[in-house]
Each structure stands twice: as C-alpha cells, then as structure tokens.
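Q: what's the 3D shape of this:
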Amino acid sequence: MKFTPEPKKIETLLKSGKKFIIPRFQREYAWEKKELKEYLEDTINSLKMVNGQLAVSDYFLGNIVLVGEFETDKSKEMKVVDGQQRITTITILLSVLSKLFTVLNEAILQKNVFKYIMGEDNDGKEFAVLKNETPNPFFAKLVQKIDSDGAEPYTEEQDRVAFAYDYFQLELSEIKLKQRLMKKYDSKLVNNISYVDLLKIVRDQVLHSVVVAISTPNENQANMIFEILNSKGKGLNSLDLIKNNIFEILKEEEPIDEAKGYWKNIISNLTSESVRVDMSVFFRHYWNSKYANSSEAKLHNSFLNKVEKKDKEYLKLLKELEKESKIYFNILNPNIQFYDNKKQMFYLVEAMYAIHNIFNISQSRVLFLGLHSAYTSEKITGKQLKLITKTLENFHFSFNSIGSGRPSAIGSAFSKLSIELRSKSKEDLTLIIDKFIIDLKKKMPTYEVFKNRFTKLQFSAIDDLPGNTLTKYVVNKIENQLASRDKNEDFGSVEHIVPGGSHESSLNIGNLVLLEIELNSKAGNLIYDSKKQFYLESNYKSIKDLLLKHKSFSPDSITARAENLCEFYYTKILELTI
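A: Next up, the predicted model:
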C-alpha cells in the first residue's frame, strides 16, 4: 500500500496551489453547535501569553486522507476522503475573519486571508480552494464570495453552513472574543490588545494548526485508510456509510452520473421553501417500511445484508428512493393535489395531517409508506386503505394524545405490517389487515381512562393553551361525524356557548361547538337565549344537535354535555364499546 503521511500546517495546505475536492459520495456538512464550539474553544485555548502578547502554539487537528500527490504537478486536484468537516469549518471561519477585517476597514488583511479561500493560479485566474463535486451555490455565495448579501439557505445542509457562519461571526465579535480570553488571562492584558490584533492572532492560530495529511494516488487505498483511522470530528451516521457504499460501486460519471442525479432528486423531493425533511430519517423509515425494523445503530449492517452489492441493485434502490421520497414528503405535508384532487382521498389527507401535526407521531410514517405502495399496486382496496387510516388516526388520538401512551411501543408492529403490505399477496393481506386492526383496537384506552382525560379538554380563543389544537380537532371530528363527511369545514371556528372567561368551566369541551366564523362573531358574548337567533342560521350539524338537546344552556350544563360528547366520541367515532 503506497501512501505518504506528512504533518502539514493549515496554512501550507490551503496555499499549496491544490484544489481540494469533496467527492460526490461524501456526506453533507454535518457540524452543529457542539462541534463548532469545541473547535473554536480548542483554537483559542491553544493561544499563549508571552510578554503581554498573545502567541500561537501547536494544535493538532487530527488526520485527513487525500487522493493525489502533493509533491508533483500531476495532481492539481486532491480528493478529500476524510477531513471534509474540518476543512469546510476552517474555510467558513476564515471567511468570517475576512468579512470582519472588511468591516474594520482592513483591506490588506481581508485580501490576504481570503487567499486561503479563493486561490490564484499562475495565469492569475481565481479558483475555489475547496470545491464540492455536488454543486452547492449557497456555500459558494456565503463563504467563497467577498460580498455574500442575499445568500439564503434552502436545505438542511445549507442551514448548518449558515449556522456555522453566524456562530463564528457572533463568537468572534469583540465583546465575545475578549470574554473568552479573559477567562484565561488578566482582563487588563486582554483589553490592551486591539480588536484587529485579536482577530489576527486567531487567524494565525487557525493557520498554524497542524494535520497529518495522508495522501495516496490510489482511491481504493484512500478508502481503506479512511475506514481504519478513527479521526477527530462528528461520527458518520448510517446513511453516510450507506451513501459511501453506493457511490463506491456506482462510479460511472460519464456520459451521465445517474447516482448523483438520483441522490440530488431525493434531496429535492424532501425539500420545499418552508419544509426540510431530514434525509437520514426518511431513509430509516423507508427501510423499516420495506426491509426490516432497524434502529439507527443497526441500519448500516442491515443494508449490507439485505441489498446485494451490485450496480443494478444499487441503481434500483436509488430509483425507488426517488419515488418514495415524494410520497414521504406528502405524508408529512399532505395535500389533496398529490391525489389529483380526488374527493375520496380527503380523509387520508386529514388523517395524515392530524397524526403528524396535531398528535406529533412519526412512527406511523413507516406504515403510510407501505400503505401507499400496496394501494397503488392494487394489493389493497380503497375501502381497506380507509379502514386502516381511520383506525390509525383513532388509535393515535386515543392512545397517544388522550391516553399519553408511548409512540415507540407500536413501532415494530407498524414496520411488520408495512413489510407485509409490500411482500404478501392480496389474498393474504385481507386476514393480516383484519388482525392488525383488532390488535390495535385492543390497545386503545378503556372508557374510564378515556373519559378522565377527554372531559378535561379545553380551548381558549385568547390564550394559546397547549391543548388548543387538539381540542379544535375534536370539535371538528364531532361535526364531521354528525355530518357524515371526511373533510373539515374551511370556515368553522370554535364557539364558546357560555362566553369564554365568564365562568371557570367556560373553556371546557362541554362548552364548545363548531360555528361559522361570521356567525361566531355575531354571537359574541351574548347569553345562550340571545345567541339562538344566530345559531339557527348555521348549517352545522353540531349546532343543530345542540339546539335540539338544549332548550337552555348554563354553566351547570357544561359537565353533563362534556360527558355526553365523550360517550359519543368513544362509541361513534372510535367505534369502541363501553
């Protein structure tokens, strides 16, 4: 095995005239506050005071593994197999220092430090010292341009880059930097040093730090060295390792880099302007939905055991991930347009929204992936899909939100059913689904437990109570059940029959009903008898039910009505017996 380990200062490394390329198979930038804080503290703590002046000292940053050769002109580019997180972080820190020098009108200092970010070849052409084979325009705009105004993060990786940039900018402010140094040195000595000189010594310490650069012209050898070494930094998660395995086999980049294209599409499918889904979470849920119920710690080994190490199999996996990532994003952010605006799918959109956004349950995503697969392949009927979905929604409401049960308690059962939905025959699935529903209903709380929690639900239009969203969900479900429909009313609002705040129980579920927004506004804080004229204009079944059952309504009516609503919900909506 031919390789060259050589101690190198960061200054020497970044001014070597080489372009350091982050390969397409590398994981995204992953450092967060913990790693950033540790690196900055180590850097500043490495400084020493000599005759009233701060000076640099040796600080070892660990090993980096590179493909290429330093000592020849053959390698203008060197691939970073290990060390990406540290080199990226250092580049961000140097960029922040450069911008701070600009603010301080230190143009020469700014220009000189920026040379470690953007190099210059013999023809005077600029090049990015650090370059990613998977283009990242945000990093280039924020970090590798002197004027970074207007750079907005779009993905989770870009969020982490932006956070690192902002973190260093804050921690290297004059006040923060001096506070750090005063923990170690006399405040008078620190205050005697100008802010510009403090930034210069931080710059010098960063550049003076040492890595052992292990370089080899052979990429396979570089990967072997990487696997052997236990380098400093944030450990690889399962998806990082899986990505390495896939891209190590799918090396073909010309005429088209299919692997990179699929990977990019998957990330894009999991991202919108307002929502960014963690790809590692998606992959684990997909895996648990199709292959095996694996924890994060066991996921990589499960992948190695389940997927054959061949081009064809890896491409097949990427293609399926691309398709399932669209479904997964819709599970988290359900939209009827995903189902071509079909009215019969409104129940599915409403249920998935409630489970994810109101009940805050993530385990069911595994099962919904399997359900979508089985439904689109016609292994289950629309009736079966609706039955399972409704049961899931009712289970999570009663077991988790009302009964406070642990979501993790059901994760393995969801994984098991999802795998069966993909692998079993249509005939077998009928019995499997029936048994699953029976078992799930058995786990729902008894009526006494349910009643104890349900009758305490509250809603306030003034105060943002923790249970407001859940209570509004209940009020809507009661209306939907009475009206025999699946979709929530767009113009409904929660009405307090006895004006809210006029009695201690006025916020209770027994005092709540769904009413059109306009009519709610007209009813205002009137007493029940005066509100009836507006209630009579309502088209809502729950209002008609209220008027039918309550000729009069007072604070004394609230408790009894809460119990009646509880019984109705338990027997009619959850379809359980008392």
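
Q: From here on, just use CA atoms for contacts and neighbour counts.
A: Noted.

Q: Need the three-state assignment for L318.
A: Following DSSP: H, G, I helix; E, B strand; the rest coil, L318 is assigned to helix.

Q: right, and it touches W263 too?
A: Yes: the pair L318 / W263 is scored as a contact, 7.2 Å apart, by C-alpha atoms under 8 Å.

Q: Okay, domains of this protein per the record?
A: As given by automatic domain parsing, the domain ranges for the chain are 4-228, 257-329, 334-445, 450-573.

Q: out of those, nearest to F247?
A: domain 4-228 (5.3 Å; C-alpha to C-alpha).

Q: L576 touches F568, doesn't it?
A: No: in this structure, L576 is not within contact of F568 by C-alpha under 8 Å, at 10.1 Å.

Q: Which one of the domains of the chain lies nearest to D240?
A: Of all those, domain 4-228 sits nearest to D240, with 5.3 Å by C-alpha to C-alpha.

Q: Now do that closest one, average pLDDT.
A: Averaged over domain 4-228, pLDDT sits at 88.

Q: so how far is that domain from its chain's centroid?
A: 27 Å (C-alpha atoms, centre = their mean, to the nearest Å).

Q: can you give me the helices for the stretch 51-200 of the chain?
A: For the stretch 51-200 of the chain, the helices defined by DSSP state H, counting those that start in this stretch occupy 84-103, 107-114, 137-142, 156-171, 174-182, 187-191, 195-208.

Q: between the longest one and helix 107-114, how big is the angle?
A: Put plainly, it is helix 84-103. Comparing the axes of helix 84-103 and helix 107-114 via axes from the mean of the first three to the mean of the last three C-alpha atoms, to 10 degrees yields an angle of 170 degrees.

Q: Next, the angle from helix 84-103 to helix 156-171.
A: Put simply, helix 84-103 runs at 50 degrees to helix 156-171, going by the same axes, to 10 degrees.

Q: tell me what helix 84-103 is packed against?
A: helix 107-114, strand 130-132, helix 156-171, helix 195-208 (3 or more C-alpha pairs under 8 Å, 6 or more residues apart in numbering; DSSP states H and E).

Q: right, so of these, which gets closest to L367?
A: Comparing the helices and strands packed on helix 84-103 by C-alpha to C-alpha, helix 156-171 comes nearest, at 25.0 Å.

Q: rewinding a little: reformat the domains of the chain as CSV; add distance to N245 and mean neighbour count.
A: Shown next, in CSV, are the domains of the chain (distance: least, C-alpha to C-alpha, whole Å; neighbours: other C-alpha atoms under 10 Å):
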stretch, distance to N245, mean neighbour count
domain 4-228, 9, 18
domain 257-329, 8, 17
domain 334-445, 24, 18
domain 450-573, 44, 17
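
Q: I'd like those as a markdown table, with distance to K243 appended.
A: Shown next, in a markdown table, are the domains of the chain (distance: least, C-alpha to C-alpha, whole Å):
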| stretch | distance to K243 |
| --- | --- |
| domain 4-228 | 6 |
| domain 257-329 | 9 |
| domain 334-445 | 21 |
| domain 450-573 | 39 |
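
Q: Give the helix, strand or coil label for N564.
A: With three-state DSSP as the criterion, N564 reads helix.

Q: State the pLDDT value of it.
A: 97.

Q: middle-most residue in this structure, spatially?
A: Closest residue to the average C-alpha location of the chain: D278 at 3.8 Å, with C-alpha atoms, centre = their mean.

Q: what's the distance between that residue and F329?
A: Shown here: D278 relative to F329, a distance of 10 Å by C-alpha to C-alpha, to the nearest Å.

Q: And E41, by the same measure?
A: Distance from E41 to F329, by C-alpha to C-alpha: 39 Å.

Q: dump the residue contacts of I437.
A: Residues near I437 by C-alpha atoms under 8 Å, 6 or more residues apart in numbering: 388, 391.

Q: nope, S505 is what I meant
A: Here S505 is in contact with 511, 555, 558 (criterion: C-alpha under 8 Å, 6+ apart).

Q: about what we covered before: intersection of neighbour lists for D278 and F329?
A: In terms of C-alpha under 8 Å, 6+ apart, D278 and F329 are both contacted by the residues L270.

Q: Please identify the helix or strand for the nearest residue in space to Y154 that is not next to it in sequence.
A: Among residues not flanking Y154 along the chain, E273 sits closest, at 6.8 Å (C-alpha to C-alpha, 6 or more residues apart in numbering). Assessed by DSSP states H and E, E273 sits outside every helix and strand.

Q: Could I get the helices and strands packed on helix 84-103 in CSV, plus columns for distance to F399?
A: Formatted as CSV, the helices and strands packed on helix 84-103 follow (distance: least, C-alpha to C-alpha, whole Å):
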stretch, distance to F399
helix 107-114, 57
strand 130-132, 47
helix 156-171, 32
helix 195-208, 54
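
Q: Which one, of the ones you listed, ends up nearest to G411?
A: helix 156-171 (25.9 Å).

Q: In terms of secondary structure, what does that closest one contact?
A: Against helix 156-171 (3+ C-alpha pairs under 8 Å, 6+ apart) you get helix 33-45, helix 84-103, helix 137-142.

Q: If we use 7 Å, what do you get?
A: Applying 3 or more C-alpha pairs under 7 Å, 6 or more residues apart in numbering; DSSP states H and E, one finds that helix 156-171 contacts helix 84-103.

Q: what angle do the helix it packs on and helix 33-45 make?
A: Using the same axes, to 10 degrees: helix 84-103 against helix 33-45 is 60 degrees.

Q: Just the residues contacting helix 84-103, thanks.
A: For helix 84-103, the external contacting residues (C-alpha atoms under 7 Å, 6 or more residues apart in numbering) are 22, 29, 31, 107, 109-110, 113-114, 117, 143, 165, 168-169.

Q: Could you find the lowest-pLDDT member of the contacts of S505?
A: P555 (91).
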